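Chemist: all I have is the shape, not the residue letters:
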């Protein structure tokens, strides 16, 4: 039973446009959410996070939105750049997830930025 | 800050052999985590340490898996009697947790191939 779901295995966006990556979760005990970016042959790189007490967090070109009632979060990248092409993972932390402090990850979305 | 390092980066072994991986966290970080990632999946939490104490190990995949962090610095993950199903990327992460929750920073991973 997947507690964190990324239903789009891949997403193609034109350079300069907005990229929107979506994530749904089922466990209402999750209290902290994170997005990671991963290039081939490297470990995941932390991008941005949001606490469950907030509904938005912004850092430069990256904004994460959290809708607790819908158990949904999204990552917006504006404007999209070629270097953003990577696999993006949504992750969550909380009781009932991966232990007291382990993260539960989705399967990832492969973002492709077209020139 | 040199980031999280893992050694070796690649390991090929024969079924039934024991393997050990090493992780060196970011020096001031007090928590260290191990994850496993298989093809097409997100990282899967295995275990974590606060300093030298292993606070969660129920997620280790079987009793063939064990982890140590004897002096609260580097950690090792050992897999005994390897099986072909153990072939995966093994990721280590670290974080500094003082008040609240801090992000986990990942190393490059050790790719294990069991023949």
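Modeler: Thanks, I have it. Here the structure is a predicted model, which is why all the values come from computation and not from measurement.

Chemist: if I look at residue A:79, how far off is residue B:17?
Modeler: For residue A:79, the distance to residue B:17 (C-beta to C-beta, to the nearest Å) stands at 50 Å. Every residue, glycine included, has its C-beta placed from N, CA and C.

Chemist: just residue B:56 next, same as before
Modeler: 27 Å.

Chemist: the two: which has the busier surroundings?
Modeler: residue B:56 (18 against 13; other C-beta atoms under 10 Å in any protein chain shown).

Chemist: show me what the more buried one bridges to in the sheet.
Modeler: residue B:48 (DSSP bridges).

Chemist: wait, doesn't it sit right on residue B:48?
Modeler: Yes - with contacts counted by C-beta atoms under 8 Å, residue B:56 reaches residue B:48, the gap being 5.4 Å.

Chemist: so, low pLDDT: which residues of chain A?
Modeler: Along chain A, segments meeting pLDDT under 70 span A:95-100.

Chemist: show me which residues of it are close to chain B?
Modeler: Chain A comes close to chain B at residues A:4, A:31-32, A:34, A:36, A:41-46, A:49, A:51, A:89, A:91, A:93, A:97-108, as judged by C-beta under 8 Å from any C-beta of the partner chain.

Chemist: need the pLDDT of the spatially most central residue of chain B.
Modeler: Against the mean C-alpha coordinate of chain B, by C-alpha atoms, centre = their mean, the closest residue is residue B:34 at 3.1 Å. Reported pLDDT at residue B:34 in the predicted model: 96.

Chemist: that one and residue B:25, how far apart?
Modeler: Residue B:34 is 11 Å from residue B:25, by C-beta to C-beta.

Chemist: who touches both of these two?
Modeler: Common contact partners of residue B:34 and residue B:25 (C-beta atoms under 8 Å, 6 or more residues apart in numbering or on different chains): B:75, B:92.

Chemist: can you list the residues of chain B near chain A?
Modeler: For chain B, the contact set with chain A under C-beta under 8 Å from any C-beta comprises B:4, B:31, B:33, B:35, B:40-48, B:55-56, B:58-59, B:91, B:93, B:97, B:101, B:103-109.

Chemist: all strands for chain B, in order.
Modeler: B:5-7, B:10-13, B:19-24, B:31-37, B:44-50, B:53-56, B:65-68, B:75-79, B:88-95, B:105-106, B:110-114 (DSSP state E).

Chemist: of all these, which one is nearest residue A:55?
Modeler: strand B:88-95 (24.1 Å; C-beta to C-beta).

Chemist: the inter-axis angle of the closest one versus strand B:75-79?
Modeler: Orientation check (axes from the mean of the first three to the mean of the last three C-alpha atoms, to 10 degrees): strand B:88-95 against strand B:75-79 gives 160 degrees.

Chemist: shaky segments in chain B?
Modeler: Residue ranges of chain B with pLDDT under 70: B:1, B:99-100.

Chemist: all strands of chain A, in order?
Modeler: Using DSSP E, the strands of chain A run over A:4-5, A:10-14, A:19-25, A:30-38, A:45-51, A:56-59, A:62-67, A:72-77, A:86-98, A:102-105, A:109-114.

Chemist: okay then, goodbye and thanks.
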